[in-house]
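In: no sequence on hand, only this structure:
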């Protein structure tokens, strides 16, 4: 695209995104094609969203059949897809109840409201504090922006909401000090594996100690699995890698494979804190969204697919480590699990990402120095190798 075309595309849009100068038109599998029919292998999956890639026949049929029958009725009525999706997601996660939303931010918003209401009713009226992590990302609404521990996202949007405090991720001593006896704390919220914050996994011992601290102080533990959940690690929930179960878990992105839907899950004792009229959403859980969730979650929780993610993720990580050995002056670290991986660079990632685009590979940054890889979960070793070869070519020119 030339500058004039970019101006024309932006004419009626808020200037909130620095988009790449291509117009994507269609996709198939893990490949995307622009309006000039240039081919790109997709290592970013719509930012960890397109879990089943592009053109999945079952997903197309699910959407087509449901929109032809019933797309929306509001939450004043039941629908069969709603019942089926709730049951499918409950069985896949081990949680009793679900509240469907339209996005990850809304799922986290629900989790924060649920935690405060439960603790005010069952712990103490003073138990309102939320403890989040420095460097975290939880969304763009005011509650989720406040719990996002990155000041650059909050700049000029203040004041933020009260009673939110931060500690360093993977530092159990800071959390112990901040929690104290927990009498004024409702919940701790964290991502088992950070996406936006630089693809940083939690230490296994750390998560177990966080769980023990929350148990000891009667504090609710919220896991934000909007990006790292839905099979991306080779387990349906990332927390299953750590064998640590939170009180509340949030999901979105991958459970819709491109359809905008999110979910907040908890066991009955906590979920039932929200009675009729205390929380709601017009679109959330409509028949079209839940038909998609039922299909996608059934696919993503299939052991065969999850094993494939583990196997291909290990191969992907091995190939990235080979590049680290080849380019030690550029690649500082390789991190992640399954198909949520990242390479930390010794410089800002923009130049490499732009070179990747020129060479036919779509990639995305995380934090200030990391390239994040969150491709469709259906990607094969051959497709991973093709993308790695392009990344190698790009790095060689830096």
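Out: It's in. Given the structure is predicted, the values throughout are model-derived calculations rather than measurements.
In: in stretch 281-299, which residues are buried?
Out: Buried residues in stretch 281-299, counted by 16 or more other Cβ atoms under 10 Å: 281, 283-299. Glycine gets a C-beta too; all of them are placed from N, C-alpha and C.
In: quick one: the helices in the stretch 101-250 of the chain, in order.
Out: Applying DSSP state H, counting those that start in this stretch to the stretch 101-250 of the chain gives helices spanning 104-122, 142-147, 151-154, 172-179, 204-217, 239-242.
In: in a markdown table, list those helices along with mean neighbour count and mean pLDDT.
Out: Formatted as a markdown table, those follow (neighbours: other Cβ atoms under 10 Å; pLDDT from 0 to 100):
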| stretch | mean neighbour count | mean pLDDT |
| --- | --- | --- |
| helix 104-122 | 23 | 98 |
| helix 142-147 | 22 | 98 |
| helix 151-154 | 12 | 95 |
| helix 172-179 | 16 | 98 |
| helix 204-217 | 17 | 98 |
| helix 239-242 | 21 | 96 |
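In: who's in contact with the residue nearest to residue 217 when sequence neighbours are not counted?
Out: Closest residue to residue 217 in three dimensions, ignoring its sequence neighbours and counting by Cβ to Cβ, 6 or more residues apart in numbering: residue 182, at 2.6 Å. In this structure, residue 182 makes contact with 127, 214, 216-219, judged by Cβ atoms under 8 Å, 6 or more residues apart in numbering.
In: residue 75: which of those is nearest?
Out: Distance to residue 75, by Cβ to Cβ, is smallest for residue 127 among those, at 28.9 Å.
In: chain neighbours aside, what residue packs nearest to the residue positioned nearest the centre of the chain?
Out: Nearest to the mean C-alpha position of the chain, by Cα atoms, centre = their mean, lies residue 227 at 1.4 Å. Excluding its sequence neighbours, the residue lying closest to residue 227 (Cβ to Cβ, 6+ apart) is residue 195, at 3.6 Å.
In: can you pull the contacts of that neighbour?
Out: 48, 137, 227-228, 340, 366, 372, 374.
In: now swap in residue 71 and tell me
Out: Counting by Cβ under 8 Å, 6+ apart, the residues that residue 71 touches are 286-288.
In: a markdown table for those residues, including pLDDT and secondary structure?
Out: Converted to a markdown table, these look like this (pLDDT from 0 to 100; DSSP: H, G, I helix; E, B strand; the rest coil):
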| residue | pLDDT | secondary structure |
| --- | --- | --- |
| 286 | 97 | coil |
| 287 | 98 | helix |
| 288 | 98 | helix |
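In: tell me the one of those nearest residue 144?
Out: residue 286 (22.1 Å).
In: identify the residue spatially nearest to that closest one, adjacent ones excluded.
Out: residue 72 (4.4 Å).
In: related to what we said a few turns ago, looking at the buried residues of stretch 281-299, which are in helices?
Out: 287-299 (DSSP state H).
In: in the lowest-mean-pLDDT helix or strand in the chain, what counts as buried?
Out: When the helices and strands of the chain are compared on mean pLDDT, DSSP states H and E, helix 3-10 comes out lowest with a mean of 88. Neighbour-count burial for helix 3-10, counted by 16+ other Cβ under 10 Å, picks out no residue.
In: now that helix, how far from the centre of its chain.
Out: 30 Å (Cα atoms, centre = their mean, to the nearest Å).
In: contact partners of that helix?
Out: Residues contacting helix 3-10 (Cβ under 8 Å, 6+ apart): 1, 19, 21, 23.
In: ok, and the most crowded of those residues?
Out: residue 1 (16 neighbours; other Cβ atoms under 10 Å).
In: residues in contact with it?
Out: 9, 21-23.
In: per-residue confidence for it?
Out: The model reports residue 1 with a pLDDT of 81.
In: separation between it and residue 67?
Out: 32 Å (Cβ to Cβ, to the nearest Å).
In: kindly report the same for residue 330.
Out: 47 Å.
In: neighbour count winner among those two?
Out: residue 330 (16 against 13).
In: now do the contacts for the more buried one.
Out: 345-347, 352, 395, 398.
In: would you show me how to pick out the buried ones of the residues you listed in ChimeraX?
Out: Burial among the contacts of residue 330 is assessed by 16+ other Cβ under 10 Å; the matching ChimeraX selection reads:
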select :345,352,395
